[in-house]
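from the sequence below, what's the structure:
(one chain, ligands or ions: 1)
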Amino acid sequence: MSQLSASRATDASIEPEITDAVVVGAGFAGMHMAWRLRELGLAFVGLETGGDVGGTWYWNRYPGARCDVMSIDYSSRFSAEVDQEWTWTERYASGKEILAYANFIADKFDLRKHFRFGRRVVSLAWQEESHRWRLSTDDGHVIEATYCIMATGFLTIPKEVDIPGAATFKGESYRTSRWPHEDVSFEGKRVGVIGTGSTGIQLIPEVAKSAATLHVFQRTPSFSVPMRNAALTPEYVDQVKRHYPELRAVARHTFVGGVRPMSTRATFSVTDEERRYLMEEAWQRNGVELTGMFSDTLTYQPANDALADFVRDKIAEVVQDPETAEKLKPRGYPIFARRPCLDSGYYETFNQPHVHLVDCLSDPIQAVTETGIRTRTREIALDVIIYAIGFDALAGALLAIDAVGRDGVKLSDKWQDGPRSNMGLMMHGFPNLFATTGANSPSALANGIMLGEENGRWIAECIDYMRQRNLDTIETTADAEDGWMDMVQALASRSLQSTASSWYTGANIAGKPRVYPIYSGGLNRYIEHCDALSANDYPGFVFESKATQRIDGAGTVSAAVM
Ligand code: NA7
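Sure thing, here's the model as predicted:
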């Protein structure tokens, strides 16, 4: 963070630009928020670090980037017109197509004009007297706003390259999370990819198509299932367009926010033969079905083992070299406890003679050198190194900002044991600061566009509610926040997801607290919680007005506090 800019925010002598609201981030959630605020008639400023709209899809342009939520669901809900005017071409859209869609929406609703691009928010400080947030950006600009909405996403801050010598490499280096906007050619080059999470698994088959040699540096193997992506036929698209309103309504009442099988069938309620048949069918048809094929995969270890064994057997079936197959088999953590990966020919890629797996568990990377990568046993000469090493996910984007709330409480102190909030939307001690797709919402487990837009709707309705009643601030109570976090933890304790080392639990970043902060009760239940609050005058929240009244949510005027 720029020290200069951070100090400018706290330097009261600097004249700020004053506005009603600031929206940070121009991804789908930020664009939707801007549109909502415009409808409300608020003056607001949008700030975005990237050079244009698109959020995660603006940055993660690596070859093979694709969303693992079906395109007809991973769609915006600005208006029914968008659904009719935009046509998805594949069952699972490519990153390129999703970015084109983000641009289509920005153009159609003329949203770009609300954003200042290339600006990073470096500090945020609550001003008790004016009841405003004072923000500073990395170019030294200071803004004060009554409402601050952090549409900053949960896969925003790339993990730092933590391998010694990385800066000394004389060839080409790329990070998937900051992929160049120009085409990158691997033709005839010796390429190394570090990382085999969802990103690496999407990237590796693409790089293998043109590289002279490809070395895949794998530390923890992932469980991956076939995506079976396909072009959408005109007949299918016609049907979908005719039924979009119903599809959208149904999606809102599902666990992830879209078409995903969720069976009530327990793993051992069927015979071994039937189970094998069901899993085989799903593997051939659309691997994602395996994530919801049995009700107890993520709650009962023997059930989880049965599915994990099936996928390990599949790896052995696909990968011809038994030694490579053995190294690709994940062990030691439950299947789907880390992010499930959907691939297009990932395991098959290792049957190509120019593709080599480097098992970094038995032969760890020691350093990047000027000419390649040195492991414990050998040196591999490379022309290109690609880092697909992940993110400081979930809490990372907010913690990257020096945020100070009421009574000088720093967010970094409040969150020292992990992110805490009420529904991922608001935090005690941080009035009028809202977040979309927050760490304690369904975040990474849900359809990100739908969640961001549901959050945006809730925030806009809340601001409207306050303005109609001349209320200046809203803040969640500590009790309500504790109650939500107790529920998050209770749900997490029932799921095997909280037991694995992954970016879900913060285990991929040194020094990060090990907690599973995500609400795992389903997007549908989460939306019900949010709607119940707004329908009942916001129980668990406290409002203040300039008339020096403090009003507890649900309408009780209790005391003067100013
Ligand atoms: P992930 O899932 O965090 O994967 C990162 C990968 O990089 C993972 O295999 C890591 O191994 C590996 N990694 C990280 N640092 C190193 C070092 N120093 N040496 C070797 N290997 C390393 O990130 P993704 O970008 O793939 O996916 C994130 C989400 O983006 C994804 O779930 C989708 O929602 C989109 P490790 O597991 O730490 O052993």
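
and the residue in the stretch 451-562 of the chain that the ligand sits nearest to, what does it touch?
Proximity to the ligand, evaluated over the stretch 451-562 of the chain using CB to the nearest ligand atom, is greatest for Trp503 at 4.4 Å. For the C-beta atoms, the positions are set from N, CA and C on the backbone; glycine is no exception. By CB atoms under 8 Å, 6 or more residues apart in numbering, the residues touching Trp503 are Gly197, Arg339, Gly390, Phe391, Ala393, Leu394, Ile509.

can you put those in JSON lines and add pLDDT, secondary structure and distance to Ala303?
Formatted as JSON lines, these follow (pLDDT from 0 to 100; DSSP: H, G, I helix; E, B strand; the rest coil; distance: CB to CB, whole Å):
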{"residue": "Gly197", "pLDDT": "97", "secondary structure": "coil", "distance to Ala303": "24"}
{"residue": "Arg339", "pLDDT": "92", "secondary structure": "coil", "distance to Ala303": "19"}
{"residue": "Gly390", "pLDDT": "97", "secondary structure": "coil", "distance to Ala303": "28"}
{"residue": "Phe391", "pLDDT": "97", "secondary structure": "strand", "distance to Ala303": "30"}
{"residue": "Ala393", "pLDDT": "95", "secondary structure": "coil", "distance to Ala303": "27"}
{"residue": "Leu394", "pLDDT": "95", "secondary structure": "coil", "distance to Ala303": "27"}
{"residue": "Ile509", "pLDDT": "94", "secondary structure": "coil", "distance to Ala303": "30"}
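
redo those residues as a markdown table? Include distance to the ligand and neighbour count.
Listed next are the contacts of Trp503 as a markdown table, based on distance: CB to the nearest ligand atom, whole Å; neighbours: other CB atoms under 10 Å:
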| residue | distance to the ligand | neighbour count |
| --- | --- | --- |
| Gly197 | 2 | 22 |
| Arg339 | 4 | 21 |
| Gly390 | 3 | 21 |
| Phe391 | 6 | 22 |
| Ala393 | 7 | 24 |
| Leu394 | 11 | 32 |
| Ile509 | 9 | 18 |
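
nearest to Thr254, of those residues?
Arg339 (18.8 Å; CB to CB).

which bits of the stretch 51-200 of the chain sit near the ligand?
Contact residues (CB under 6 Å from any ligand atom) of the stretch 51-200 of the chain with the ligand: Leu155, Asp162, Ile163, Ile194, Gly195, Thr196, Gly197, Ser198, Thr199, Gly200.

oh sorry, the question was meant for the chain
Checking the chain against the ligand by CB under 6 Å from any ligand atom, the hits are 155, 162-163, 194-200, 217, 219-220, 339, 360, 365, 388-391, 503, 508.

weed out the non-buried ones from those residues.
Neighbour counting over these (16 or more other CB atoms under 10 Å) leaves 155, 163, 194-200, 217, 220, 339, 360, 365, 388-391, 503, 508 as the buried ones.

these two touch, right, Trp35 and Ser79?
No. In this structure Trp35 lies outside contact range of Ser79 using CB atoms under 8 Å: 9.5 Å.

so which of those two has more stuff around it?
Trp35 (21 against 13; other CB atoms under 10 Å).

what segments of the stretch 101-250 of the chain are strands?
Along the stretch 101-250 of the chain, counting by DSSP state E, counting those that start in this stretch, strands occupy 115-117, 121-127, 132-137, 142-150, 157-158, 172-175, 190-194, 213-218, 224-226.

for Tyr333, which non-adjacent residue is spatially closest?
Closest residue in space to Tyr333, ignoring its immediate chain neighbours: Ala500 at 4.2 Å, by CB to CB, 6 or more residues apart in numbering.

Leu99 in helix, strand or coil?
helix (DSSP: H, G, I helix; E, B strand; the rest coil).

that one and the ligand, how far apart?
To the ligand, Leu99 is 15 Å away according to CB to the nearest ligand atom, to the nearest Å.

that residue touches Gly55, doesn't it?
No. Here Leu99 does not reach Gly55: they are 9.5 Å apart, not a contact under CB under 8 Å.

more neighbours: the two, which one.
Gly55 (28 against 22).

and which of the residues of the stretch 51-200 of the chain next to the ligand is nearest Thr264?
Ser198 (27.5 Å).

show me what the closest residue to the closest one other than its chain neighbours is bridged to.
Spatial nearest neighbour of Ser198, chain neighbours left out: Cys341 (4.7 Å); criterion: CB to CB, 6+ apart. Taking DSSP bridges as the rule, Cys341 bridges to Ser224.
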